[in-house]
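# following is a predicted model, sequence given first.
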Amino acid sequence: MLTLASKLKRDDGVRGPRASNPASDSTRRVSVRDKLLVKEVAELEANLPCTCKVNFSDPNKLHYFQLTVIPDEGYYQGGKFQFEIEVPDAYNMVPPKVKCLTRIWHPNITETGEICLSLLREHSIDGTGWAPTRTLK
């Protein structure tokens, strides 16, 4: 969320354009995943429908959050479904890991909450698997 974004800006400002101490650079290095997540989480929160809500248990850990979906139409209307989303270090080359925390009968969700979608697989037979051009949105 905004906490990590402001922290990244503050760290860049303190360090300056060129750091003279390479040891301090390696301890402050921000991963590509975290830089992408700052941008993508802001976009995600701005474009979420009113039936969805994102919850970050720790605002400094954008790579782990929960999504709550409360459908207002269809078969699952009135239900409240929680999903746990974990973004691995190799993101955007590999897909995020998504697990359904709410017990539900759905053809693409196992009893343990594992989601079976080709979009969330690195390699899929039908060619619609994860691609580095995809985002959390």
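Yes, it's here. Because the structure is predicted, anything quoted here is derived from the model rather than measured.
# and the strands in the protein?
Counting by DSSP state E, one finds strands in the chain at the ranges 52-55, 64-69, 81-86, 97-100.
# can I get the ones you listed in TSV including distance to residue 30?
Bear in mind the C-beta positions are built from the backbone N, C-alpha and C, glycine included. Rendered in TSV, the data for the strands of the chain read as follows (distance: least, C-beta to C-beta, whole Å):
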stretch	distance to residue 30
strand 52-55	21
strand 64-69	17
strand 81-86	19
strand 97-100	21
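# just send those back as TSV, with mean neighbour count too.
Converted to TSV, the strands of the chain look like this (neighbours: other C-beta atoms under 10 Å):
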stretch	mean neighbour count
strand 52-55	14
strand 64-69	17
strand 81-86	16
strand 97-100	17
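# and of those, who's closest to residue 106?
Ranking the strands of the chain by proximity to residue 106 (C-beta to C-beta) places strand 97-100 first, at 7.9 Å.
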